[in-house]
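Q: Okay, predicted coordinates and the sequence, questions at the end:
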Amino acid sequence: MIEPAKVNKQHDLHMHSRKQLELTGVQNVESFDSEEFLLRTELGHLTIRGNHLHIKNLSLENGLLSLEGNVHSLIYLDPGAQGKNKGILGKLFK
């Protein structure tokens, strides 16, 4: 029996002094504002939180995204999770 070829998913993240982020493997920008970005990447959903966040460069065709601002946290959501990570209040009021 011939096994199907495994597809190597590629996703890299480079942060410079918590002020600039460069990402590869970005499939879509689900939502964004100056304090939070929700991205779909090759390896799952990623939430980026901070202050004064804005897009410097975006190319979904190439899977590239560059952000600038003050980065506070990077959170990868579980592969089975649906929607945004709502924090403790969202979990309490499901």
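A: Ah, there it is. Residues are numbered from 1 along each chain as shown.

Q: In contact with the nearest residue to T24 once chain neighbours are set aside, which residues?
A: Using CB to CB, 6 or more residues apart in numbering and skipping the chain neighbours, the partner closest in space to T24 is D12 (4.6 Å). Glycine gets a C-beta too; all of them are placed from N, C-alpha and C. Under the criterion of CB atoms under 8 Å, 6 or more residues apart in numbering, the contact partners of D12 comprise L23, T24, G25.

Q: from these, which is closest to G44?
A: The shortest separation between G44 and any of the contacts of D12 is 10.2 Å, and it belongs to G25 (by CB to CB).

Q: What does E61 show for phi and psi?
A: phi -60, psi -40 (degrees, to the nearest 10).

Q: In contact with it, which residues?
A: Neighbouring residues of E61 by CB under 8 Å, 6+ apart: there are none.

Q: Strands of this structure, start to end?
A: Per DSSP state E, the chain has strands spanning 13-16, 20-23, 26-32, 36-41, 44-59, 64-76. These are given in chain order.

Q: for these, which one ends up most surrounded?
A: Highest mean neighbour count of the strands of the chain: strand 36-41, a mean of 20 (counted as mean count of other CB atoms under 10 Å).

Q: can you give me the offset of that strand from its chain's centre?
A: Distance, stretch centre to chain centre, for strand 36-41: 3 Å (CA atoms, centre = their mean, to the nearest Å).

Q: pLDDT of that strand, averaged?
A: In this model, strand 36-41 carries a mean pLDDT of 96.

Q: Same check on stretch 57-70?
A: Regarding stretch 57-70, the rounded mean pLDDT is 97.

Q: how far does that stretch stretch from start to finish?
A: Taking CA to CA, to the nearest Å, stretch 57-70 runs 16 Å from one end to the other.

Q: could we number from 42 for the rest of this?
A: In the new numbering, first residue 42, that becomes stretch 98-111.

Q: Give me the residue at the spatial middle of this protein.
A: The centre of the chain sits closest to L87, judged by CA atoms, centre = their mean, with a distance of 3.1 Å.

Q: doesn't F73 make contact with that residue?
A: No: shown here, L87 and F73 do not form a contact pair, counting by CB atoms under 8 Å, at 11.8 Å.
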